[in-house]
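Engineer: Sharing a model prediction with you, sequence too.
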Amino acid sequence: MTRKNYLVAGLCMLVFQIYAQESLTFKEAVSIGLKNNVTLKQQENLLISSNIAKQSSLLALGPTVSINGEAARTDGNSFNQQEGTVVNGVADAVGAQISASMPLFRGLSTLNNYRQSVSQNDAQVQFVKRTKQDVIRNVANQFLTCLLDQRLVSIRERSLEYQKKQFEQIKEQVSAGSRAEADLLNQEFQVKNAELLLLRAKTTLRNDKTTLAQTLMIDPYSEFTLVDPSWDINILSSEQLNVELLYETAKSQRADYIRTKANERASELNYTSSKGSYFPNVSLFANYGSFYNYIHDRPNRTFEQQFTQDNTRLRYGVTFSIPIYGGFTNRAQVVQNKMLYQNAQLESENIEMTIKNDVLRAMQNYQDAILSYESAESQLRASEISYNLENERYTLGVSDIVALTLSLQNYTQAQADFESAKYTLMFQRLLLNYATGTLKFEDIP
């Protein structure tokens, strides 16, 4: 490989490293998730189909128009309308006809079908909205989990650094004869244990990042650093909530509830539409057409004479159909649609209870997260003071290595508990918005 090739390869590796180690904010992660989520894309495609179905059912209220044509050859007996005789031979014929039909009355089934398609479209709009909230919730859960993992890695790195520093100090003290060798052996174990805990923390972070990458549909081998969102925890922990107000908000905002009510309305309209089969159908119709025929070995009038004058025909009128007996097919369909409507009503009642439970559970979990955060914060302050005091006592020789190690372990665990409580509080606030249906991408700080 030439020097130039080495230079190009080096630049490519540098660019790759810069790209691979890019940072990722929470809002960027949610944006990527919304863009790449397969389920969301599928529901958006179904929304397009639902819009087309709504337009089609609206246009079904108007007339239908079609053009029919035919070109054929008859070898044998055929009737010549120009002569009014039957001829035996080869005859070619070309014809065209335009037809139109306008429904006048179909038991309001066409109108109800349109209303049904509108409700189904509204339901699909809400399904897409709720799916977006599902994506935001899932990405938030995994993103905050990875953030916590990053913080735990940092805590384990600082703990390992201190353990190594403490090991060197004790080693010097043992050499000077001011410390027992047992303290050095105990501290060596603490260093090894800190290395093991750091390795496990890094492994957990790597695994959770892989899960997040899979959710975002990005390369799992790419390295990215998660940016801690600058959310004011104190504001979160000082909120005053009312469960009844939250429930009323959920009933007006929850997309799955609105979707269920829209599906219930669509089922009702479908049931009403099917009852239109009990009534007569009345429509206007009109047909206009002409044709040209050519009989071989005989004199024939010209195409213009036949098609524009001789063979033109206009037919119009009213058609009606009165159902009398069809093997109870219509009744069976009506009963089936009625049962679907009643099932939709049961689903609406069920979702109302589900919303109440979701809101109550989310609010209780959020309040519990606030108390846990405040408790962890107090524990962190207390363990920090205790550790600093124990460290001074050990330095002065009035404490032993076991007490110092226990104090450091408590301090490290308090840091981990505090970080866990902080990110849990963040996520529970998002879950509360999810339970009330107010979770939106635009509101993410």
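Structural biologist: Nice, thanks for sending it over. Numbering: from 1, shown residues only.
Engineer: Check the spacing between Pro323 and Thr329 real quick.
Structural biologist: Distance of Pro323 to Thr329, computed by C-beta to C-beta, to the nearest Å: 9 Å. Glycine gets a C-beta too; all of them are placed from N, C-alpha and C.
Engineer: same question, Arg381
Structural biologist: From Arg381 across to Thr329, the span is 77 Å (C-beta to C-beta).
Engineer: Contact partners for Ile98?
Structural biologist: By C-beta atoms under 8 Å, 6 or more residues apart in numbering, Ile98 lies in contact with 65-68, 287-289.
Engineer: Next secondary structure after the helix or strand containing it?
Structural biologist: According to DSSP states H and E, Ile98 maps onto strand 85-105. Helices and strands here follow DSSP H and E; after strand 85-105, the next one along the chain is helix 109-176.
Engineer: Distance from the chain centre to that next one, please.
Structural biologist: For helix 109-176, the gap between its own C-alpha mean and the chain's C-alpha mean amounts to 16 Å (C-alpha atoms, centre = their mean, to the nearest Å).
Engineer: ok, now stretch 283-296?
Structural biologist: Distance, stretch centre to chain centre, for stretch 283-296: 54 Å (C-alpha atoms, centre = their mean).
Engineer: which other residues reach stretch 352-364?
Structural biologist: By C-beta under 8 Å, 6+ apart, the list of residues contacting stretch 352-364 reads 241, 243, 246-247, 250-251, 254, 257, 428, 431-432, 434-436.
Engineer: Closest one to Ser159 out of these, please.
Structural biologist: When those are compared for distance to Ser159 (C-beta to C-beta), Gln428 comes out closest, at 27.6 Å.
Engineer: Near that closest one, how many other residues are there?
Structural biologist: 21 (other C-beta atoms under 10 Å).
Engineer: so it sits right up against Leu371, yeah?
Structural biologist: No: under the criterion of C-beta atoms under 8 Å, Gln428 lies out of contact with Leu371, with a separation of 11.3 Å.
Engineer: related to what we said a few turns ago, select from the contacts of Ile98 the one having the most neighbours.
Structural biologist: Among the contacts of Ile98, Gly289 has more neighbours than the rest - 19 neighbours, counting by other C-beta under 10 Å.
Engineer: distance of the nearest residue to that one once chain neighbours are set aside from Asn343?
Structural biologist: Closest residue to Gly289 in three dimensions, ignoring its sequence neighbours and counting by C-beta to C-beta, 6 or more residues apart in numbering: Gln97, at 2.8 Å. The spacing between Gln97 and Asn343, counted by C-beta to C-beta, is 46 Å.
Engineer: And Glu419, by the same measure?
Structural biologist: If you measure Glu419 against Asn343 using C-beta to C-beta, the figure is 47 Å.
Engineer: out of the two, which sits in the busier spot?
Structural biologist: Between Glu419 and Asn343, Glu419 has the larger neighbour count (other C-beta under 10 Å), namely 20 against 12.
Engineer: so what's that one up against?
Structural biologist: Contacts were defined as C-beta under 8 Å, 6+ apart; by that measure Glu419 touches 148, 151-152, 155.
Engineer: Kindly state the pLDDT recorded for it?
Structural biologist: Confidence at Glu419, expressed as pLDDT, is 88.
Engineer: how about the helix or strand harbouring it: buried residues?
Structural biologist: Assigned by DSSP H and E, Glu419 belongs to helix 401-436. By 16 or more other C-beta atoms under 10 Å, the buried positions in helix 401-436 come out as 401, 404-405, 407-412, 414-436.
Engineer: Stretch 100-110 too?
Structural biologist: For stretch 100-110, the neighbour count (16+ other C-beta under 10 Å) marks 103, 106-107, 109-110 as buried.
Engineer: just stretch 266-285 next, same as before
Structural biologist: Within stretch 266-285, the residues that count as buried by 16+ other C-beta under 10 Å are 266-277, 281, 283.
Engineer: In helices only, show me those residues.
Structural biologist: When these are checked against helices using DSSP state H, the ones located there are 266-274.
Engineer: of all these, which comes closest to Ile52?
Structural biologist: For these, the residue nearest Ile52 by C-beta to C-beta is Ala266; the value is 16.3 Å.
Engineer: Now do the contacts for the closest one.
Structural biologist: For Ala266, the contact set (C-beta under 8 Å, 6+ apart) comprises 116-117, 119-120, 123, 344.
Engineer: Serialize the residues you listed to JSON lines and add fields for neighbour count.
Structural biologist: Compiled in JSON lines, those are given as follows (neighbours: other C-beta atoms under 10 Å):
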{"residue": "Gln116", "neighbour count": "23"}
{"residue": "Ser117", "neighbour count": "23"}
{"residue": "Ser119", "neighbour count": "21"}
{"residue": "Gln120", "neighbour count": "21"}
{"residue": "Ala123", "neighbour count": "21"}
{"residue": "Ala344", "neighbour count": "20"}
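Engineer: Show me which pair in these is furthest apart.
Structural biologist: The largest separation in the contacts of Ala266, counting by C-beta to C-beta, is between Ser117 and Ala344 at 15.8 Å.
Engineer: Tell me, how many residues neighbour Tyr257?
Structural biologist: Other residues near Tyr257 number 20, with proximity taken as other C-beta under 10 Å.
Engineer: and the nearest residue to Thr312 once chain neighbours are set aside, how many residues sit next to it?
Structural biologist: If you skip the residues right next to it in sequence, Thr312 has Ser290 as its closest partner in space, 4.5 Å away by C-beta to C-beta, 6+ apart. Here the count is done by other C-beta under 10 Å, and Ser290 has 17 residues near it.
Engineer: Does Ser290 belong to a helix, a strand or coil?
Structural biologist: Per DSSP: H, G, I helix; E, B strand; the rest coil, the local secondary structure of Ser290 is strand.
Engineer: can you pull up the bridge partners for it?
Structural biologist: According to DSSP bridges, Ala96 are recorded as the beta-bridge partners of Ser290.
Engineer: Report pLDDT for it.
Structural biologist: In this prediction, Ser290 has a pLDDT value of 90.
Engineer: Please point out which parts of stretch 338-353 sit buried.
Structural biologist: Burial within stretch 338-353, assessed by neighbour count using 16+ other C-beta under 10 Å, is assigned to 338, 340-341, 344, 351-352.
Engineer: tell me which of the residues you listed is nearest to Phe167?
Structural biologist: Ile351 (60.2 Å).
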